[in-house]
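S.K.: Dropping the sequence and predicted coords here.
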Amino acid sequence: MTKSNPGNFFEDFRPGQTIAHATPRTLTEADAALNIALTGSRYALYSADSFAQNCGLPGAPIDPLLVFHTVFGKTVPDISLNAVANLGYAEGRFLAPVYPGDTLNAVSEVLGVKQNSNGKTGVVTVRTDGFNQDGLPVLTYVRWVMVNKRDETATVEFAPPQTPSPFVPPVQLVLPMGINFSNYDFTLAGSPHTFEDYEVGEKIDHVDGMTVEEAEHQIATRLYQNTAKVHFDAFGQHNSRFGKRLIYGGVAISIARALSFNGLANAQIMLGINGGRHVNPLFAGDTLYAWSEVIAKEDLGDVGALRLRLVALKNQPSSSFYYKTEIGEYCEPVVLDFDYWAAIPKRNGTRALP
Amino acid sequence: MTKSNPGNFFEDFRPGQTIAHATPRTLTEADAALNIALTGSRYALYSADSFAQNCGLPGAPIDPLLVFHTVFGKTVPDISLNAVANLGYAEGRFLAPVYPGDTLNAVSEVLGVKQNSNGKTGVVTVRTDGFNQDGLPVLTYVRWVMVNKRDETATVEFAPPQTPSPFVPPVQLVLPMGINFSNYDFTLAGSPHTFEDYEVGEKIDHVDGMTVEEAEHQIATRLYQNTAKVHFDAFGQHNSRFGKRLIYGGVAISIARALSFNGLANAQIMLGINGGRHVNPLFAGDTLYAWSEVIAKEDLGDVGALRLRLVALKNQPSSSFYYKTEIGEYCEPVVLDFDYWAAIPKRNGTRALP
Amino acid sequence: MTKSNPGNFFEDFRPGQTIAHATPRTLTEADAALNIALTGSRYALYSADSFAQNCGLPGAPIDPLLVFHTVFGKTVPDISLNAVANLGYAEGRFLAPVYPGDTLNAVSEVLGVKQNSNGKTGVVTVRTDGFNQDGLPVLTYVRWVMVNKRDETATVEFAPPQTPSPFVPPVQLVLPMGINFSNYDFTLAGSPHTFEDYEVGEKIDHVDGMTVEEAEHQIATRLYQNTAKVHFDAFGQHNSRFGKRLIYGGVAISIARALSFNGLANAQIMLGINGGRHVNPLFAGDTLYAWSEVIAKEDLGDVGALRLRLVALKNQPSSSFYYKTEIGEYCEPVVLDFDYWAAIPKRNGTRALP
């Protein structure tokens, strides 16, 4: 029997099945620094202990997207080693902040399976939960992925999942314990704009561009201990559809979110992931640009929440606001369509603005 | 109104104006490790807690140049987002060591503005101060930069700055609190040469070469949270003067300083920056070499200080000692002309050399 | 006299000579994170404090290979600055775990010298010992290297070293203090296979491939403060034998070992290095694959030890199991032949497997 992991194939997944994933990982200040070095993120709450303490936290938490990538990475050997495509995310919620020194592990439950009509592949839908060293949940999300069958003749139960919610209801969003923006420093945060300043339908051009190199996405993706071979094996990819390495979609999410600082500096805390799709592949040498649209606003009491569509484009400045064609198809430069909730200070309830 | 930052243009700067910069940053052991990984620095005081403790410090401080780049990076969105060229530095002093866990922020004061005769640009001179989480100054320096006007017809007050000092007077240099070389270990430091061994006028070939890759300078520059788009946006740079990304000048400073270990291993502590000019652009794929000249020596009592000219060359071995032509122009391979003070142990006052 | 280090030449080495190397280095959580980011390692004991604590340790130790590269890097300026080739390792033993915050230094003793018949070079054999800040040995190994003579006419004593042991006797292996696999979590570790499951002669295909970029091996090698110029100076290498930068052999070892997780996830703790040879050069752009063979098994009581041959191939999938030709020469794709001992849990003495 081979001792290396062949991964699960479509017919190996059964609704209700629970899979505990390998390689718990202690995230540290080093992961936080590498996250800044690899994405260019500048959100003050995740850059400075003093800023976080001024907001009622014990210190700077780990960037929620780094938590997401770490948890996601653990699932790859069990869920998507034989995947054809990563189709999307939904129902994502960050349930507790993760601090340097915390150790994460991950468990997935299969929510549904649906064979494709070609008989060769099927869609697996899982809910993945991330836990810290105390067993407390820090993240939950649903993901669906197209997976190859090992044996095309295998018959598979028809057990499609429930349709995921189109977005996370604001009432389900969880703010980091202790967060308090009453003493928020807008100058150090880098923008005067509060919850009140954003309007539904408003589009924001994040202006800057970021070119991604092979070494950068490989270093990031290994940091997440995500081992999907399409990201790393240039020799093996020569004969693939694209002929080269594909960049892990999470790299595009994190860089686009980092770019969005320029216009959304105070929308610091990602609370939920309503949906996410990797629309077109990203390759080394491509330059990412990003723009955002305010989809909804929700007053959470002491803070506000913005529901934001974050769109990443490749080799096409964001001032174009490219998105979909008239017939509803994604424009070619669009690589990412990401829908999330972020907490942002309100003007009242914070100290006077300059 | 756009919510993304358009940056300041030349006519936005007024002498006496004070600008508090965004994104405080906690520097940690991770930044120290990344600094080693990205520059190759080997100065013992910044590599080992035990060595630093043996020199009277609580542990290894953060490399002063990493402090400089971090503070400098914060100023970019306010000072040089619309810059044409970074013209130089002067009057730089490191006022207190920064240790892992310290959080830095930065404030700049406009010292002067001087429009260029073309009416399209002007030179802005600022003094920038970096502070730690206790509000104590850790770094101060003057910088001048050529900035575009938003509106060529705008009239701007003629308010040139005072000419900066040609060098920092030794009496203004500040040694790290507690530093004591009486137990200095020359073997672990990597060189037997003390203050007494260096002569004014002496030139040192640092021998080794270091090729810089796109991924490396991008990772370093993001670590400093420096967002100047010329360093990152390959797509946008296609139509620029050089047609490609420019490497942040601070990367050249740090690599040249790391190379200078080979010949200056005991000149460990950068105390002041007398002046610095980025003479020619550096691009990915270029190989850096460096040589130094001892410009002056100053006996600070228990320790000595060397005033050093650090010259970085690209694609030209440092044994050439290339610098300026007969008519005083920089030779083409010169990318950096950097003038600084460094503390170095004296022979008397340290334990016997082997 | 030049103040830069010319390195030692063959005639500078004398049997019995002891060399204390420069630049002590404090390894931290950042080095551990960078090790993961640069190699893709997923061994649970080195990824998660909680997993390590569950195995009786105070927290996750530093990966033994990172300890090896750090100690090795210190020796380069004294031993191999003028080396023609790094010929091999033997008699390597990890004597105590290294934890974040520990500071390493290194001392070498010359075991023997043997001039080559061409009169231009010779083989120097050294034993290198790595110590922590308390002076406790953490690593010892023997290495031999071919070094240029400064002066071809210099006469050198004929003083060849004793032949190193072909492998480290199991009785000399040292387990990390406190290690205890009685509560070992095979799910989190990523594999159900114990000591008992592996058979002598068994070959394991590690399946995955990893392409190495210039930026990656340079960042790794600088992290180890290894300054050998062949790894960094593209300009200087234009006229070398290969015309380009060579990747430090340690990078190949660490990546191959990281790949071997897929099939050897529980063989977590490298205890000894029986031998190692860099058989063919590795260059940026090459894709590494790896396979292992179980050479021997040793019951150490509460745990087992596997003696493993780790073979790394370039641009040749590991399912080929390429090794040597019929006449005993290494096949061209082989870049590394590495022979080591690793500790692995036994089935009895651990909690019930799922």
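M.R.: Everything's here; your move.

S.K.: drop to CA atoms for contacts and neighbour counts, all remaining ones
M.R.: Noted.

S.K.: which residues are there in chain A that come within reach of chain C?
M.R.: For chain A, the residues found near chain C under the criterion Cα under 8 Å from any Cα of the partner chain are A:2-5, A:20-26, A:28-31, A:103, A:133, A:214-215, A:218-225, A:227, A:229, A:232-236.

S.K.: Give me the subset of those lying in strands.
M.R.: For the residues of chain A next to chain C, the ones inside strands are A:20, A:25, A:26, A:103, with DSSP state E as the criterion.

S.K.: Can you give me the pLDDT of the third one?
M.R.: The one in question is residue A:26. The confidence metric pLDDT takes the value 98 at residue A:26.

S.K.: residues making contact with the lowest-mean-pLDDT helix or strand in chain A?
M.R.: Lowest by mean pLDDT, DSSP states H and E among the helices and strands of chain A is strand A:83-94, with a mean of 92. Contact with strand A:83-94 is made by A:64, A:138-148, A:164-168, A:173-174, A:270-278, as judged by Cα atoms under 8 Å, 6 or more residues apart in numbering or on different chains.

S.K.: Could you list the paired strands of it along with their orientation?
M.R.: strand A:137-148 (antiparallel), strand A:269-278 (antiparallel) (DSSP bridges).

S.K.: Could you show which parts of the stretch 201-350 of chain A are in contact with chain B?
M.R.: Going by Cα under 8 Å from any Cα, the residues of the stretch 201-350 of chain A near chain B are A:204-216, A:262-264, A:285-287, A:315.

S.K.: As a check, name the ranges of all helices in the stretch 51-200 of chain A.
M.R.: Ranges of helices within the stretch 51-200 of chain A are A:64-75, A:186-189, based on DSSP state H, counting those that start in this stretch.

S.K.: mind checking which of the ones you listed is nearest residue A:197?
M.R.: Comparing these against residue A:197 with Cα to Cα, the closest turns out to be helix A:186-189 (13.5 Å).

S.K.: and the next helix-or-strand element following that closest one, what's its mean pLDDT?
M.R.: With elements assigned by DSSP states H and E, the helix or strand that comes after helix A:186-189 is strand A:203-205. Confidence for strand A:203-205, expressed as mean pLDDT, is 98.

S.K.: thinking again about what came up before, of the residues of the stretch 201-350 of chain A next to chain B, buried ones?
M.R.: Burial by neighbour count, judged by 16 or more other Cα atoms under 10 Å in any protein chain shown, picks out A:204-216, A:262-264, A:286-287, A:315 from these.

S.K.: what's the burial count for whichever residue of the stretch 251-354 of chain A sits closest to chain C?
M.R.: Per Cα to the nearest Cα, residue A:284 is where the stretch 251-354 of chain A lies closest to chain C, at 11.9 Å. Neighbourhood size, residue A:284 [other Cα atoms under 10 Å in any protein chain shown]: 17.

S.K.: picking up where we left off before, could the strands paired with strand A:83-94 go into JSON lines alongside mean pLDDT and mean neighbour count?
M.R.: Output for those, formatted as JSON lines (pLDDT from 0 to 100; neighbours: other Cα atoms under 10 Å in any protein chain shown):
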{"stretch": "strand A:137-148", "mean pLDDT": "96", "mean neighbour count": "23"}
{"stretch": "strand A:269-278", "mean pLDDT": "98", "mean neighbour count": "23"}
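
S.K.: can you redo the ones you listed as TSV with distance to residue C:91?
M.R.: Listed next are the strands paired with strand A:83-94 as TSV, based on distance: least, Cα to Cα, whole Å:
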stretch	distance to residue C:91
strand A:137-148	46
strand A:269-278	50
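
S.K.: For residue A:39, which of these is the nearest?
M.R.: Among the strands paired with strand A:83-94, the nearest to residue A:39 by Cα to Cα is strand A:269-278 (15.7 Å).

S.K.: Name the nearest residue to residue A:276, ignoring sequence neighbours.
M.R.: Nearest residue to residue A:276, sequence neighbours excluded (Cα to Cα, 6 or more residues apart in numbering or on different chains): residue A:338, at 4.3 Å.

S.K.: Who is that neighbour paired with across the strands?
M.R.: Beta-bridge partners, per DSSP bridges, of residue A:338: residue A:276, residue A:310.

S.K.: Then the one 5 residues further on?
M.R.: Using DSSP bridges, the bridge partners assigned to residue A:343 are residue A:269, residue A:305.

S.K.: how near is the closest residue to residue A:103 other than its chain neighbours to residue B:265?
M.R.: With sequence-adjacent residues excluded and distances taken as Cα to Cα, 6+ apart, residue A:103 is closest to residue A:26, at 3.9 Å. To residue B:265, residue A:26 is 36 Å away according to Cα to Cα, to the nearest Å.

S.K.: again with residue A:183
M.R.: For residue A:183, the distance to residue B:265 - Cα to Cα - is 46 Å.

S.K.: out of those two, which sits in the more crowded spot?
M.R.: More crowded of residue A:183 and residue B:265, by other Cα under 10 Å: residue B:265, with 25 against 14.

S.K.: Could I get the full set of helices for the stretch 251-354 of chain A?
M.R.: With helices called from DSSP H, counting those that start in this stretch, the stretch 251-354 of chain A shows them at A:261-264.

S.K.: Verify the stated contact: residue A:347 with residue A:198.
M.R.: No - assessed by Cα atoms under 8 Å, residue A:347 is found out of contact with residue A:198, at 11.7 Å.

S.K.: of these two, who's got more company?
M.R.: residue A:347 (21 against 18).

S.K.: per-residue pLDDT, the more buried one?
M.R.: Confidence score, pLDDT, at residue A:347: 91.

S.K.: how about the closest residue to it other than its chain neighbours, what does it touch?
M.R.: Excluding the flanking residues, the one nearest residue A:347 by Cα to Cα, 6+ apart is residue A:194, at 5.8 Å. Contacts of residue A:194 were listed using Cα under 8 Å, 6+ apart, and they are A:266, A:344, A:345, A:346, A:347.

S.K.: What of residue A:291?
M.R.: Contacts of residue A:291 (Cα under 8 Å, 6+ apart): A:203, A:204, A:205, A:206, A:207, A:260, A:310, A:311, A:312, A:318, A:319, A:321.

S.K.: In CSV: those, plus distance to residue B:53.
M.R.: Output for these, formatted as CSV (distance: Cα to Cα, whole Å):
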residue, distance to residue B:53
A:203, 54
A:204, 50
A:205, 49
A:206, 46
A:207, 46
A:260, 42
A:310, 48
A:311, 50
A:312, 48
A:318, 51
A:319, 53
A:321, 55
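
S.K.: Go through the residues you listed and name the one nearest residue C:179.
M.R.: Among these, residue A:260 lies closest to residue C:179 (Cα to Cα), at 46.6 Å.

S.K.: what about the closest one, how many neighbours?
M.R.: Using other Cα under 10 Å, residue A:260 is surrounded by 28 other residues.

S.K.: so it touches residue A:292, yeah?
M.R.: Yes - using Cα under 8 Å, residue A:260 is in contact with residue A:292, at 7.4 Å.

S.K.: okay, and the common contacts of these two?
M.R.: Each of residue A:206 lies in contact with both residue A:260 and residue A:292 under the rule Cα under 8 Å, 6+ apart.

S.K.: ok, now how distant is residue A:63 from residue A:46?
M.R.: 6 Å.

S.K.: Return every residue with contacts to both of those two.
M.R.: With Cα under 8 Å, 6+ apart as the test, residue A:63 and residue A:46 both reach residue A:32.
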